[in-house]
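> sequence-free structure coming up:
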Ligand SMILES: O=C(O)[C@@H](O)[C@@H](O)[C@H](O)[C@H](O)CO
Ligand SMILES: [Mg+2]
């Protein structure tokens, strides 16, 4: 089956998304997510200018060979732009292969390993009282796991706090500037989880995202102070590029650690996994080279009892979500999947077969990954420049957002 064409679709139904569509001489097509929040057009150009010309005429069934061709063949390996582009090709090719087989994608990976995919919701509020209520709303919807993020008195624009119930960090125009104070946060966070456990007990899984803001010793202190509240995980405690930092954190706390949403390859998490410095690996389909590469990361992780907990924020398109759910249904060492529901316009542009039911997601039985794109509708939402925020300390020093 020959690849006869490919195109990049950039659309902004509520937020920006980049989608690759690959078509074949047999009338089958596949799509893959290539969205890199705040840097979308770099991946779109990488695909249009440098990848698509190399795809035409290749056998769409040779997923592994095409992956290796794009990874090794670039000479310049890894990095979020390259790996998101490779991921889009890989996802589209798995979609085509599964459609050709007439099977939902999870069947090609090895079949289902569980009944459904446990997801966690992202609850956020302006203060502790509101966050406690929002967690309650998720529990009422049937969620078994909820990540809780709360505004901190005196700090504007803390990570994870939206204007309404949903959370969308990117804003139109230039990056929004926010202020960060580690001191205020470290005192505040345990109070939030104390309030949550007091109200809801220990049955629900509670998670928390630190979003790379602490130093290793501060992260160790936070992990220790959260131990009485038995979190499912503490996410991204320190900037993730320094794998050694986790040795120090690990010496001090038994709060489980999750990391990896910003990782692109197995090399970013090799030491973290092999030294058993983390409990959950959060790499995802779109930013870590597609299903072909994510499977390698998961297999390495399985050797060390590290489980998966893939990133699933709103900037990962429904195409990524669909592919991730097939992966999750199969992967033996599954932990949990993040799920932030998309805006209605996004769902309309990307019709999909996945669904939420009582705390679990189901990818559906449609052949392929079960997500499509309505190109006519997509064209009605042109790209709008948008950026993630940046953070500074009170004295103006640049920090990690
Ligand atoms: O865990 C998460 O969902 C995140 O940390 C994201 O909200 C992250 O900030 C965005 O995906 C960035 O694009
Ligand atoms: Mg995160």
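Nice, thanks for sending it over. A quick note: this is a predicted structure, and the numbers were derived from the prediction, not measured. Ligands and ions are numbered 1, 2, ... in the order given.

> show me the domain layout of this structure.
The record's domain split for the chain, according to automatic domain parsing, is 3-105, 108-365.

> reformat the ones you listed as JSON lines; add mean neighbour count and mean pLDDT.
C-betas here are computed from N, CA, C, even on glycine. As requested, the domains of the chain are exported to JSON lines (neighbours: other CB atoms under 10 Å; pLDDT from 0 to 100):
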{"stretch": "domain 3-105", "mean neighbour count": "20", "mean pLDDT": "98"}
{"stretch": "domain 108-365", "mean neighbour count": "20", "mean pLDDT": "96"}
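
> so can I have CSV of those domains showing distance to residue 380?
Shown next, in CSV, are the domains of the chain (distance: least, CB to CB, whole Å):
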stretch, distance to residue 380
domain 3-105, 8
domain 108-365, 9
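
> can I get those in JSON lines with distance to ligand 1?
Shown next, in JSON lines, are the domains of the chain (distance: least, CB to the nearest ligand atom, whole Å):
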{"stretch": "domain 3-105", "distance to ligand 1": "4"}
{"stretch": "domain 108-365", "distance to ligand 1": "3"}
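
> now residue 37. Nearest residue, chain neighbours left out?
residue 315 (4.0 Å; CB to CB, 6 or more residues apart in numbering).

> let me fix that: residue 157
residue 178 (3.3 Å).

> quick one: that neighbour is in a strand?
Yes - assessed with DSSP: H, G, I helix; E, B strand; the rest coil, residue 178 lies in a strand.

> could you pull up the residues touching it?
Contact partners of residue 178, counting by CB atoms under 8 Å, 6 or more residues apart in numbering, are 156, 157, 158, 389, 390, 391, 392, 401.

> one more: residue 156?
The contact partners of residue 156, taken as CB under 8 Å, 6+ apart, are 178, 179.

> ok so residue 45 is a helix residue?
Yes - using three-state DSSP, the assignment for residue 45 is a helix.

> that one and residue 240, how far apart?
Relative to residue 240, residue 45 is positioned 26 Å away (CB to CB, to the nearest Å).

> repeat that for residue 216.
12 Å.

> also residue 325?
Going from residue 325 to residue 240 by CB to CB gives 24 Å.

> next one: residue 19
Residue 19 sits at a distance of 27 Å from residue 240 (criterion: CB to CB).

> go on, residue 341?
For residue 341, the distance to residue 240 - CB to CB - is 26 Å.

> ok, longest helix in the chain?
helix 80-101 (DSSP state H).

> rewinding a little: quickly list what the residue nearest to residue 157 is bridged to.
residue 391 (DSSP bridges).

> which non-adjacent residue is nearest residue 363?
residue 325 (3.8 Å).

> how would you label that neighbour: helix, strand or coil?
At residue 325 the chain is in helix, as set by three-state DSSP.

> contacts only, for the residue nearest the centre of the chain.
By CA atoms, centre = their mean, the chain has its centre lying nearest to residue 311, at 2.2 Å. With contact set as CB under 8 Å, 6+ apart, residue 311 has these partners: 260, 261, 282, 283, 284, 287, 338.

> just the residues you listed: which are in strands?
With strands taken from DSSP state E, the overlap with the contacts of residue 311 comprises residue 338.

> which pair in the contacts of residue 311 spans the largest distance?
Pairwise distances across the contacts of residue 311 (CB to CB) peak at 12.8 Å, for the pair 287 and 338.

> need the contact partners of the one helix or strand residue 197 maps to.
Using DSSP states H and E, residue 197 sits in helix 182-200. Helix 182-200 has contacts (CB under 8 Å, 6+ apart) with 128, 131-132, 135-136, 139, 148, 150, 152-155, 158, 206, 208, 213-215, 218, 221-222, 225-226, 228-231.

> among those residues, which lie within helices?
Among the contacts of helix 182-200, DSSP H puts 128, 131, 132, 135, 136, 139, 218, 221, 222, 225, 226 in helices.

> isn't residue 80 up against residue 261?
No - Residue 80 is beyond contact range of residue 261, at 10.9 Å (criterion: CB atoms under 8 Å).

> what do these two both touch?
residue 287.

> coming back round to it: show me what contacts the closest residue to the residue nearest to the centre of the chain other than its chain neighbours?
Nearest non-adjacent residue to residue 311, counting by CB to CB, 6+ apart: residue 261, 3.8 Å away. Taking CB under 8 Å, 6+ apart, we find residue 261 in contact with 236, 282, 283, 284, 287, 311, 313.

> got the phi and psi for the first one?
The one in question is residue 236. Dihedral pair for residue 236: phi 40, psi 60, per degrees, to the nearest 10.

> could you find the closest non-adjacent residue to it?
Leaving aside its chain neighbours, residue 236 sits nearest to residue 212 (4.9 Å; criterion: CB to CB, 6+ apart).

> show me what contacts that neighbour?
So residue 212 contacts 236, 237, 238, 239, 240, 262, 400 (CB under 8 Å, 6+ apart).

> rewinding a little: residue 113: which of the ones in helices among the contacts of helix 182-200 is nearest?
Ranked by distance to residue 113 (CB to CB), the ones in helices among the contacts of helix 182-200 are led by residue 139 at 26.0 Å.

> wait, what's in contact with the closest one?
The contact partners of residue 139, taken as CB under 8 Å, 6+ apart, are 146, 200, 204.

> can you check residue 101 too?
For residue 101, counting by CB under 8 Å, 6+ apart, the contacting residues are 107, 108, 367.

> so which of those sit within helices?
Using DSSP H, the contacts of residue 101 in helices are 107, 108.

> quick one: which of the contacts of residue 101 is nearest residue 97?
Using CB to CB, residue 108 is the member of the contacts of residue 101 that lies nearest residue 97, at 6.4 Å.

> apart from its chain neighbours, what residue comes closest to the closest one?
The spatially closest residue to residue 108, leaving aside those adjacent along the chain, is residue 98, at 5.4 Å (CB to CB, 6+ apart).

> leaving out chain neighbours, which residue sits closest to residue 390?
residue 175 (4.8 Å).
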